[in-house]
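following is a predicted model, sequence given first.
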Amino acid sequence: MKIVFLLGTDGADVRSIKTCRSLVRLGHEVHFVGWNRRHEPPICRAEGVNLHLMQLPVPHGRSTLGGQLKFARYAARQLRAIRPDVVCAINEDNVLRSAPFKGIFFKRLVCDFYDSHADRFSNARLPVRWLVGAASGFCKTISDRLTVTDTYRWARLGKYRSKAAIVQNVPEDPGAALSQNYPQGPTKLFVTGAMSTRRGLPQILQAVEQTPDATIVAAGMPSDEFAENFVKHQRVDYRGVVTPGESLELASHCDAVFAFYEPSCENHLFASPNKLF
């Protein structure tokens, strides 16, 4: 089966890599259609996946309206060229940009909810919440299948639960060897994944500054100005962007793994990050 994985990133996030790698192992032809938002080339991707990336750098890798419009055009061209059997669209925005071509360029549509826009905008003003909620409902209706990360999100799908599946955000088993690693020396805290102010960087940095000899081992992509200064801090040992396997290796040598989400919306309150497993 020919499958397009549609997401507006370069495919370096852990869940995308795991999903694409699993599909390849099952014998499918997998195409990742995405958007490289940075000047640097993509670092992490699953082997055997056909990579189609729109090159358009934006500050801190953030989304822009112009960039979203250009990515919509790019995605349409790729769908027309690839002609997949299935499109796996990540979140509502990618369902909306692929839905007009269902039955024309591809047959079936799957919506994989990493971070539902309805949950991300749960604390927005009422008109915004209503608009996003209506769009989310349309996406659930038009999609042939839905995927969520945990039982809580599945339960909230209501009448759409019958066509939904739970695929937990579990990391790939690295083997028994890492369990034999033990932290040595001063206390080390591991910070990984998307790094930003909303992911608790000010809090963990303040805690370390108040704790003699404690240090932070960090790996991931800085996504705002605070994060860019954070990785340069004298108490932070920044290792850059690493593979999922390398991330687990670094974690095995630390005393604790830090996971924090600013409690500002439904999506953060009920996050199920890869690192918690």
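Cool, got the structure.

all strands of the protein, in order?
2-6, 29-36, 50-55, 86-90, 108-112, 145-148, 164-166, 188-192, 215-219, 236-238, 256-258 (DSSP state E).

phi, psi for the residue of the chain positioned farthest from its centre please.
Within the chain, residue 212 marks the point farthest from the mean C-alpha position, 33.9 Å out by C-alpha atoms, centre = their mean. Dihedral pair for residue 212: phi -60, psi 130, per degrees, to the nearest 10.

now it: how far from residue 166?
For residue 212, the distance to residue 166 (C-beta to C-beta, to the nearest Å) stands at 44 Å. Where you see a C-beta, it was placed from the backbone N, CA and C, and this is true even at glycine.

CSV for the strands of the chain, including distance to residue 96, mean pLDDT and mean neighbour count?
Shown next, in CSV, are these (distance: least, C-beta to C-beta, whole Å; pLDDT from 0 to 100; neighbours: other C-beta atoms under 10 Å):
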stretch, distance to residue 96, mean pLDDT, mean neighbour count
strand 2-6, 11, 98, 24
strand 29-36, 15, 96, 23
strand 50-55, 17, 94, 17
strand 86-90, 8, 98, 25
strand 108-112, 10, 97, 22
strand 145-148, 15, 96, 20
strand 164-166, 19, 96, 14
strand 188-192, 31, 95, 24
strand 215-219, 33, 96, 21
strand 236-238, 36, 96, 17
strand 256-258, 34, 93, 17
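
nearest approach to residue 122 belongs to which of the ones you listed?
strand 145-148 (15.7 Å; C-beta to C-beta).

identify all contacting residues around that closest one.
108, 110-113, 140, 154, 157, 160, 163-167 (C-beta atoms under 8 Å, 6 or more residues apart in numbering).

check stretch 153-167 too.
With C-beta under 8 Å, 6+ apart, stretch 153-167 has contacts from 19, 112-113, 116, 140-141, 143-151, 270, 272.

kindly recompute the last result at 6 Å.
140, 145-148 (C-beta atoms under 6 Å, 6 or more residues apart in numbering).

and the nearest residue to residue 74 once chain neighbours are set aside, how far is that from residue 274?
Using C-beta to C-beta, 6 or more residues apart in numbering and skipping the chain neighbours, the partner closest in space to residue 74 is residue 54 (4.3 Å). Between residue 54 and residue 274 the computed distance is 25 Å (C-beta to C-beta).

I figured residue 87 hits residue 98, correct?
Yes: Residue 87 lies in contact with residue 98 (C-beta atoms under 6 Å); the separation is 5.0 Å.

for the chain, give me the ranges with low pLDDT.
Applying pLDDT under 70 to the chain picks out residues 43-45, 276-277.

hey, where'd the helices end up in it?
Here the chain has its helices, by DSSP state H, at 14-25, 65-82, 91-98, 117-120, 126-142, 151-155, 201-209, 225-230, 244-252, 266-269.

highest mean neighbour count out of those?
helix 91-98 (a mean of 23; mean count of other C-beta atoms under 10 Å).

now for that helix, which elements pack on it?
strand 86-90, helix 126-142 (3 or more C-beta pairs under 6 Å, 6 or more residues apart in numbering; DSSP states H and E).

hmm, 10 Å instead?
Packing partners of helix 91-98 (3 or more C-beta pairs under 10 Å, 6 or more residues apart in numbering; DSSP states H and E): strand 2-6, strand 29-36, helix 65-82, strand 86-90, strand 108-112, helix 117-120, helix 126-142.
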